[in-house]
Every structure is written in structure tokens, then in C-alpha cells.
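In: Pasting the sequence and the predicted model now:
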Amino acid sequence: MDIRRIISLASLAAPFCLFATVAGSQTIPFGSNLPAGPVPAGYAGFNWGTGANQAINSGPDAEIFYLTSPAASIVEFDRSSLFNLDSVDYQILVSGQTALDSFDNYTTVVSGFLGSTLVKSVTESYPGTGGNLFTGLNIDGVNKITFSTTDTYGYLDTSGNPVIVATNTPAATFVDQLKVSSSTVAAPEMAPASAVSALTLLLGSLAISMGRRRVVRDSR
């Protein structure tokens, strides 16, 4: 058995390798952090759509969209390098606040793509009042995110049953903060268990090879 065969056997003992992930967390704020109008291309290192899909910031006073707090209307964002979407904090319209016997419910579908391939979708539902922060999304290894929001509103009848007046689809998605992290593949790292198995097989193969050589020499 020559050295090349020993190395080959050792590699078979550890077929599974872990790829190191280099992750740097980044919080991207909108609203009062930007002037009113289109979110500039390249802001925080991302593209923020074009044309009808262009992200629009409300500005410091939130008057463009009459929001409860400054935010940006976002349809999509992307960049060339891979990233993970970790959390999203939504805002709503002032007119969307629940009052008395009315209700206003939002549902946003967040989709992550790698090129044109859908990697993962997450559906988030939130009311017209209360916190709208969603964490732990784990939409990982993507280069594009899209938002699609539905706004359903109505009132409660005398028995307390909801009566839907209308459903706006699509409705604007207002975001005041995103949290992302980088997702880049670095040099492969062997899993510890696989490394031990590979080393054991390598040492065993060396011992067998040396034993065979001794047998051959003794027979002479």
C-alpha cells in the first residue's frame, strides 16, 4: 500500500466537512436616519429597487405616508454577495391603528432568493397596534429579499364577530429597521469527529502497511 492509497482512505473517513461562515451583523435603520424620498442605491451596501419597486423613505416626520413612526416603504432589496435576513421591524399607517370596535390586520410575506431560486419564505401577521418586530427569521444564504403585504380591515358586529370591509392587496410594506448578517463561504473546515476518524484510519493504514513490509522482509 503506497502513501497515496493511505491518504485516499483517510479522506474517505471524513467525507463531510463544515464550511466556516463569516458573519458580521448589521442593523439598517430608515425613517429619521434618511431624508424623505427614494432610498439611495448603495445605502448600507444594498440596492433598494428601481422604478415601481424603488424603496421610498418617509423622512424624519413620517408625513409622506402618515405613519405612526418614520419608516421606508420597501418592495425589495439585494446585493451581489450573500447575506442572512435576521429581523424586520414594521410600521403601520396612522389610519391603520385599531380603535374601539374596529380592526386592521397586516400580513407580510418575506421571501429570500438566491438568484431566481426561492430559498425560503416567512409569513408574518401583525395588528394595527402593538410591536411589529420579528426576529429569528433565519432567511440565510440569499442575495435578494422581497416583501408582499396584505392589509385587511373592518369592524366588530354587536356580537363581537369581525366583519371585513376590504382587503388591500398588495399594500405597502413599511420598515423602520432591518437586521442582516453576511453569509460568505470560506475555506472548508473538517468536523472534529470526522478529523478523529480520519486520523485513526490513517494511523491504522500506516501500521498495516509497515506490518506487511516486515512480513515481506522476514520471508526473504
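Out: Yep, that arrived. Fair warning: this is a prediction, and the values are worked out from it, not measured in the lab.
In: Neighbouring strands of the helix or strand containing residue 26 in the sheet, and parallel or not?
Out: Assigned by DSSP states H and E, residue 26 belongs to strand 25-29. Counting by DSSP bridges, the strands paired with strand 25-29 are strand 174-182 (antiparallel).
In: Now the element after the strand holding residue 26, going C-ward?
Out: Next in sequence after strand 25-29, counting helices and strands by DSSP H and E, comes strand 37-38.
In: so what secondary structure elements neighbour that following strand?
Out: Where contact means 3 or more C-beta pairs under 8 Å, 6 or more residues apart in numbering; DSSP states H and E, strand 37-38 is packed against strand 56-57. In short, each C-beta sits where N, CA and C put it, glycine included.
In: circling back to that earlier point, residues touching the strand holding residue 26, excluding its own?
Out: 43-46, 86, 176-182 (C-beta atoms under 8 Å, 6 or more residues apart in numbering).
In: mind redoing it with 10 Å?
Out: 39, 43-46, 70-72, 77, 83-84, 86-87, 89, 175-182 (C-beta atoms under 10 Å, 6 or more residues apart in numbering).
In: now those: which count as buried?
Out: Buried members of these, scored by 16 or more other C-beta atoms under 10 Å, are 39, 43-44, 46, 70-72, 77, 83-84, 86, 89, 175-180, 182.
In: Just checking: what are the partner strands of the longest strand along the chain?
Out: Counting residues, the longest strand found in the chain (DSSP state E) is strand 139-156. Note on strand 139-156: by DSSP bridges, its sheet partners are strand 76-91 (antiparallel), strand 102-114 (antiparallel), strand 162-171 (antiparallel).
In: For it, buried residues please.
Out: In strand 139-156, counting by 16+ other C-beta under 10 Å, buried: 139-140, 142-154.
In: Domains in the chain, by residue range?
Out: 3-15+191-219, 20-187 (automatic domain parsing).
In: so which of those is the most packed in?
Out: domain 20-187 (a mean of 16; mean count of other C-beta atoms under 10 Å).
In: from the middle of its chain, how far away would it be?
Out: Distance, stretch centre to chain centre, for domain 20-187: 13 Å (C-alpha atoms, centre = their mean, to the nearest Å).
In: Could you pull up the mean pLDDT of stretch 58-70?
Out: Taken as a whole, stretch 58-70 has an average pLDDT of 93.
In: Could you tell me the end-to-end distance of stretch 55-75?
Out: 6 Å (C-alpha to C-alpha, to the nearest Å).
In: Residue 83 touches residue 119, doesn't it?
Out: No - using C-beta atoms under 10 Å, residue 83 makes no contact with residue 119, being 11.5 Å away.
In: Bridge partners for residue 174, pull those for me.
Out: Applying DSSP bridges to residue 174 gives these bridge partners: residue 73, residue 91.
In: pretty sure it contacts residue 65?
Out: Yes - with contact defined as C-beta under 10 Å, residue 174 reaches residue 65; the gap is 6.6 Å.
In: which residues are common contacts for these two?
Out: Contacts common to residue 174 and residue 65, judged by C-beta under 10 Å, 6+ apart, are 56, 58, 71-73, 91-93.
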